[in-house]
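Enquirer: The sequence and its predicted three-dimensional model are supplied below.
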Amino acid sequence: MFLLLPFDSLIVNLLGISLTVLFTLLLVFIIVPAIFGVSFGIRKLYMKTLLKIFAWATLRMQRGAKEKNHQLYKPYTNGIIAKDPTSLEEEIKEIRRSGSSKALDNTPDFELSDIFYFCRKGMETIMDDEVTKRFSAEELESWNLLSRTNYNFQYISLRLTVLWGLGVLIRYCFLLPLRIALAFTGISLLVVGTTMVGYVPHGRSMEFRWRGEFQMNCLTLMSVPLHTFLKPRKNRPRNGGICVANHTSPIDVIILASDGYYAMVGQVHGGLMGVIQRAMVKACPHVWFERSEVKDRHLVAKRLTEHVKDKSKLPILIFPEGTCINNTSVMMFKKGSFEIGATVYPVAIKYDPQFGDAFWNSSKYGMVTYLLRMMTSWAIVCSVWYLPPMTRETNEDAVQFANRVKSAIARQGGLVDLLWDGGLKREKVKDTFKEEQQKLYSKMIVGNHEDRSRS
Amino acid sequence: MGNEASYPAEMCSHFDQDEIKRLGKRFKKLDLDKSGSLSVEEFLSMPELRYNPLLRRVIDIFDTDGSGEVDFKEFIVGASQFSVKGNEEQKLRFAFNIYDMDKDGYISNGELFQVLRMMVGSNLKDWQLQQLVDKTIIILDRDGDGKISFEEFSAVVRGLEIHKKLVLIV
């Protein structure tokens, strides 16, 4: 037993020393440079190396598949069938035209062949629909050595497996603890710091800037594990404006807020998020809603308008989709924030899925599981584009304005522009859509009511 | 569901291994409760299908054993009728079956009325719909039995190059 005692204390000492060393290294090499905006270029090197490795791995897998003489399963990112978009009227007219020798007259009539359009559309949707696939993670075209993105794992070669194993080791034993330490430091600093700032009495109007700056620095810390490419420095949102962006994960907030001062809008959460939200309110005025209040749209609009009118307050950051989408498309923007009449500064955020998938599938993973997945990916890499500000024109309503902004964001980020509501992730679609289709078709076969009564 | 590899031999579908695998994945994704077959509810979970007034008819055609749900075999066989490699006869049959609700080989006046009713919803009155139905049957019914048989149907529809319209490239 006596022999164990010095051994014990040795281990404790070693642990203590290594922790101290780790923290010092952390401080010197990562935290301090991040705050001052200096970079050692380590990240770029890391990413280049990773890309080379992925390319090699893909080649190896293709070669392996060829040797075994079967096709390498490639998930089509655009869906498993080839579709061309046509409207009800066009297609039914075309079907009828190809059959009858009559001249192209628009007399309303019914043909047996009209069902073809509905059949095909139905089949296409069954095979591959545009909406539900946006609510789950995007499938990659080539494997990035993470088992979570593996759709076709077969033993191809020893080298590939070794590489994968090495990857697991690096990610779980080196990157994960590092990131957890950073996140922990960042969050504690945010909570402690903002509480302290909260005790400083409200004075002159310029003060929001320095509060905002403090918040920004804390969030920069939390964003260090992320690699962000920021595009032009002009077009930054100004006070009295609203910044809108497409939503993929809560990390969007960290990315944007570490690069500018914002007041945030969102639903009050419980747990860790709730703690952070309450801390942030102490430093700057954010607009957090209770879930019950969200339904009261007038209240929301009123609070937003008040905030925007006060020019000393920071610009609002809002995600009009209302929920997380998987970053391959932009879904319907809720018109609430576009009715207020303030200048809108659109921002497009696109993640590079090869290094790690940032999409938070909230129905599948909780917050903690999601964070763990984030921290054990290779990296989170995203590109942020600040687009020129837009205002509502005199002849367009809030919905048209929202769609215009959405198209601009989709175009810049290379995302698909969809009209569907992100809320469909959880709710069913209304039957009014079917009724519209039925109405359209009825017009085709009997024409307008006036024509009918005349004939 | 891991034994998709054994299906092709039994299923006389037009799909190759790769396509069946893809369709298998799709099936699994649609099968929300993992019961091994797709219910009407699970089909309706796709927002775009709610647009489609003929959904029930299509599901009915897939469901060859009348169980009310579509299992994987029925799914593949059903999808196969839309394959590029399918022949014209198969596709015409599919279209005919949309109308022929009781699967007796004839489209009766009542069946045509019901299918049309699905497509127009409540936008047309009964008498307007009945007029259209009667007119169509009079024109197409060659043998005067008051119903449309498969031959009479094909005669009208054959020239429309249906094999190009009812095709899905997987």
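Expert: Sure thing, it's come through. This is a predicted model, so every value here is computed, not measured.
Enquirer: For the residue in chain B positioned nearest to chain A, list the residues it contacts.
Expert: Per Cβ to the nearest Cβ, B:G121 is where chain B lies closest to chain A, at 3.3 Å. Every C-beta, even on glycine, is put in place using the N, C-alpha and C of the backbone. Residues near B:G121 by Cβ atoms under 8 Å, 6 or more residues apart in numbering or on different chains: A:K434, A:E435, A:Q438, A:K439, A:S442, B:P53.
Enquirer: What's the separation between it and B:F43?
Expert: Separation of B:G121 from B:F43 (Cβ to Cβ, to the nearest Å): 19 Å.
Enquirer: swap in B:S154?
Expert: From B:S154 to B:F43 the distance is 29 Å (Cβ to Cβ).
Enquirer: For those two, indicate the residue with more neighbours.
Expert: B:F43 (22 against 17; other Cβ atoms under 10 Å in any protein chain shown).
Enquirer: is it true that that one touches B:D60?
Expert: No. When contacts are counted by Cβ atoms under 8 Å, B:F43 is not listed as touching B:D60 (11.4 Å).
Enquirer: Just the pLDDT for residue 78.
Expert: By default, I'm working from chain A. With respect to pLDDT, A:N78 has a value of 50.
Enquirer: Can you look at chain B instead?
Expert: In this model, B:G78 carries a pLDDT of 84.
Enquirer: so it is in which element?
Expert: For B:G78, the enclosing helix or strand under DSSP states H and E is helix B:72-80.
Enquirer: Now do that helix: which elements does it pack against?
Expert: helix A:115-127, helix B:7-11, helix B:17-30, helix B:55-62 (3 or more Cβ pairs under 8 Å, 6 or more residues apart in numbering or on different chains; DSSP states H and E).
Enquirer: rerun at 10 Å
Expert: helix A:115-127, helix B:7-11, helix B:17-30, strand B:37-38, helix B:55-62 (3 or more Cβ pairs under 10 Å, 6 or more residues apart in numbering or on different chains; DSSP states H and E).
Enquirer: got the angle for it vs helix B:55-62?
Expert: 110 degrees (axes from the mean of the first three to the mean of the last three Cα atoms, to 10 degrees).
Enquirer: how about the helix or strand that A:L440 is a member of against chain B, any contact?
Expert: Secondary structure assignment for A:L440, by DSSP H and E: helix A:432-446. Yes. Residues of helix A:432-446 contacting chain B under Cβ under 10 Å from any Cβ of the partner chain: A:432-446.
Enquirer: can you give me the strands for chain A?
Expert: Secondary structure of chain A by DSSP state E: the strands cover A:226-230, A:241-245, A:263-267, A:287-289, A:316-318, A:329-330, A:343-352, A:380-386, A:416-417.
Enquirer: and if you look at chain B?
Expert: B:37-38, B:70-71, B:106-107, B:148-149.
Enquirer: TSV please, covering those strands and showing distance to A:C324 and mean pLDDT.
Expert: What follows is the strands of chain B, written out as TSV (distance: least, Cβ to Cβ, whole Å; pLDDT from 0 to 100):
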stretch	distance to A:C324	mean pLDDT
strand B:37-38	27	88
strand B:70-71	31	89
strand B:106-107	48	88
strand B:148-149	51	88
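Enquirer: Now tabulate these in a markdown table and tack on mean neighbour count.
Expert: Putting the strands of chain B into a markdown table (neighbours: other Cβ atoms under 10 Å in any protein chain shown) gives the following:
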| stretch | mean neighbour count |
| --- | --- |
| strand B:37-38 | 21 |
| strand B:70-71 | 23 |
| strand B:106-107 | 22 |
| strand B:148-149 | 22 |
